[in-house]
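Undergrad: Compute the structure for the input listed below.
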Amino acid sequence: MRKRSKRYKESSQNLDRDKVYTLKEAISLLKTFRQPKFDSSLDLHFQLNIDPKKSDQMVRGTVVLPHGTGKKVRVAVFCKGEHEKAAREANADIVGANELMDKVAGGFMDFDCVIATPEMMKDLSKLGKILGPRGLMPSPKTGTVTNDIARAIAEVKKGKIEFRVDKQSGMHVLAGKISFPEENLLENANRILEAINEAKPQSVKGKFIKSFFISSSMNPGLKIAL
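TA: Numbering: from 1, shown residues only. From the prediction side, this is the model:
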């Protein structure tokens with residue numbers, strides 16, 4: 001049996017386990033829980049009515065949160081020539097081409113997001129086994145393979161996040177920090193909900209989102225009314 005912390009047990013005492021909350025109610029309640037010493041995250045957890053083994057039911061996309069994530073995102077850009085200058089001017093944290101690929105191949109992973117120009121993708125594919133499992137491989141679908149480097153960096157720095165269904169048809173998405181004002185968390189969460197619903201595959205019939213919970217770090221989750 002999983003051992004729960006004193007904080008978790010304390011928060012659980014304030015819950016009605018049979019209640020289904022509105023998103024606003026749940027966020028308000030989560031903010032009353034005793035939080036860990038760090039600024040905990042607000043996370044959204046979805047179970048989707050899809051078959052992840054079917055390619056036409058893969059749910060993946062991006063969304064720019066109105067109030068950001070609260071996290072400092074370190075952006076690595078793989079590019080050459082004039083794009084390098086544009087990347088540095090747009091405040092990319094790491095910029096490079098082949099020499100940067102060699103560093104990553106050697107174990108360097110001091111970044112949270114990767115952006116690349118189309119010309120770099122052939123060579124960057126060699127790092128697929130390193131970047132892929134970490135969800136860092138650039139993709140045109142998420143806007144991280146582009147010649148408009150400055151725009152891509154700006155969106156990521158502002159609060160652009162990627163969501164993607166896992167092998168169990170689940171999805172877990174960061175909606176901000178619990179220290180954010182309640183209305184900011186609500187706007188972020190609602191924008192994520194909109195983006196996920198917009199990404200519903202045409203082949204999926206009936207209810208798309210089977211269940212929806214929210215939680216903050218190291219605290220119990222609350223079931224949300226759909």
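Undergrad: give the contact list for the closest residue to residue 201 other than its chain neighbours.
TA: Of all residues not flanking residue 201 in the chain, residue 57 sits nearest, at 4.8 Å (C-beta to C-beta, 6 or more residues apart in numbering). For glycine as for every other residue, the C-beta is placed from the backbone atoms N, C-alpha and C. Contact analysis of residue 57 by C-beta atoms under 8 Å, 6 or more residues apart in numbering lists 50, 51, 201, 203, 204.
Undergrad: how much space is there between residue 176 and residue 18?
TA: 28 Å (C-beta to C-beta, to the nearest Å).
Undergrad: and these two? which has more neighbours close in?
TA: The neighbour count for residue 176 versus residue 18, taken as other C-beta atoms under 10 Å, is higher for residue 176 (26 against 6).
Undergrad: Test my guess that that one contacts residue 70.
TA: Yes. At 5.3 Å, residue 176 and residue 70 qualify as touching, with contact defined as C-beta atoms under 8 Å.
Undergrad: Could you chop the chain up by domain?
TA: What automatic domain parsing lists as the domains of the chain is 16-68+161-223, 75-157.
Undergrad: Tell me the span between the first and last residue of the shortest one.
TA: Criterion C-alpha to C-alpha, to the nearest Å; first-to-last residue distance in domain 75-157 is 8 Å.
Undergrad: Contacts only, for the residue sitting furthest away from the middle of the chain.
TA: Ranking residues of the chain by C-alpha distance from their mean position (C-alpha atoms, centre = their mean) puts residue 81 at the top, at 30.4 Å. Not one residue lies near residue 81 by C-beta under 8 Å, 6+ apart.
Undergrad: State the distance from it to residue 93.
TA: Residue 81 is 19 Å from residue 93, by C-beta to C-beta.
Undergrad: Need phi/psi at the residue nearest to residue 201.
TA: phi -120, psi 20 (degrees, to the nearest 10).
Undergrad: Can I get stretch 206-215 in CSV? Just the C-alpha atoms.
TA: Only the C-alpha atoms of stretch 206-215 are listed here, as CSV (Å, rounded to 0.1, in the frame of the first residue of the first chain):
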residue,chain,number,x,y,z
GLY,A,206,-19.7,9.8,-28.3
LYS,A,207,-18.1,11.3,-25.2
PHE,A,208,-14.5,12.3,-25.8
ILE,A,209,-13.3,13.1,-22.2
LYS,A,210,-14.3,10.1,-20.0
SER,A,211,-13.0,11.7,-16.7
PHE,A,212,-11.3,14.8,-15.6
PHE,A,213,-9.4,15.4,-12.3
ILE,A,214,-7.2,18.3,-11.1
SER,A,215,-4.6,18.2,-8.4
